[in-house]
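Asks: Need coordinates for the below:
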Amino acid sequence: MKKKEIRILLVDDEPDILEIVGYNLAQEGYQISTAENGREAIAKAKKELPQLIIMDVMMPEMDGMEATEAIRKIPELSNVIITFLTARSEDYSQVAGFDAGADDYITKPIKPKLLVSKVKALLRRLKDEGKNPETLNVGGIEINREEYKIVKDDKEIILPRKEFELFYLLASKPGKVFKREEILDKVWGNEVIVGGRTIDVHIRKLREKIGEELFKTIKGVGYKIEV
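Replies: Numbers count the residues shown, from 1 in each chain. Sure thing, here's the model as predicted:
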């Protein structure tokens, strides 16, 4: 996908942030739209179907956490990439962000060039979508890499993109012992810095959604991760 085809939605209640971030990303050739609160973000996301949403946490009317949870329940937006851009740097806030369905968590202040670099890293997966289109059938689950779709007992399981990519990686090599550094590099990219608990949070959410027993039947998935 070309840059001019990529739509990015910026959500922040501070006009200066929208202007500065929007300007720098527009200079890279991306299509930029903005929203000033969570409710407006949901409405614009449903209308514009962006590839990436950059979301503040603390906002009036509806905060970023609530908006992200709501967006993740909209089928046509289930694969949108969402990252928080916020001044809140506490560990518990980051964990809550990933629990809400975010793919990354970036803290302010951040230099424009570094933010652009992080955005490029987040969007890099869009270029790779067609490189590995095969379908995996593991433990009674069909995992379609091309369509980002998981089917279990003829029912589709909707996962945020990061959870899907993590599950696909683990399921693609049953029995392999993965190092945390390898998972972070392949799923999050070496330009994106995330906390050490990120993998644990996503594994826990996968177990809840896929089912603990079925999760364990897939050799190597979820419990053979080297600390």
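Asks: use CA for all of it now, contacts and neighbours both
Replies: Will do.
Asks: could you pull out the helices for the protein?
Replies: Counting by DSSP state H, the chain has helices at residues 15-27, 38-48, 64-72, 91-100, 112-127, 161-172, 180-183, 198-210, 212-217.
Asks: and of these, who's closest to N79?
Replies: helix 161-172 (5.2 Å; CA to CA).
Asks: and the angle from that closest one to helix 91-100?
Replies: 80 degrees (axes from the mean of the first three to the mean of the last three CA atoms, to 10 degrees).
Asks: other SSEs contacting helix 161-172?
Replies: strand 135-138, helix 198-210 (3 or more CA pairs under 8 Å, 6 or more residues apart in numbering; DSSP states H and E).
Asks: So which elements touch the shortest one?
Replies: Same thing as strand 135-138. strand 141-144, helix 161-172.
Asks: The longest one relative to helix 112-127, how many degrees between them?
Replies: To tie it back to what came earlier, the one meant is helix 161-172. The directions of helix 161-172 and helix 112-127 differ by 50 degrees, with the same axes, to 10 degrees as the criterion.
Asks: could you give the angle of helix 161-172 to helix 198-210?
Replies: Using the same axes, to 10 degrees, helix 161-172 lies at 80 degrees relative to helix 198-210.
Asks: Can I get helix 161-172 as PDB, trimmed to CA atoms?
Replies: Output of helix 161-172 as PDB, limited to C-alpha atoms (Å, rounded to 0.1, in the frame of the first residue of the first chain):
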ATOM      1  CA  ARG A 161      -4.100  -7.200  14.800                       C
ATOM      2  CA  LYS A 162      -1.300  -7.500  17.300                       C
ATOM      3  CA  GLU A 163      -3.000 -10.500  19.100                       C
ATOM      4  CA  PHE A 164      -3.600 -12.100  15.700                       C
ATOM      5  CA  GLU A 165       0.000 -11.700  14.600                       C
ATOM      6  CA  LEU A 166       1.300 -13.100  17.900                       C
ATOM      7  CA  PHE A 167      -1.000 -16.100  17.700                       C
ATOM      8  CA  TYR A 168      -0.100 -16.700  14.100                       C
ATOM      9  CA  LEU A 169       3.600 -16.500  14.800                       C
ATOM     10  CA  LEU A 170       3.400 -19.000  17.700                       C
ATOM     11  CA  ALA A 171       1.000 -21.400  15.800                       C
ATOM     12  CA  SER A 172       3.200 -21.300  12.600                       C
END
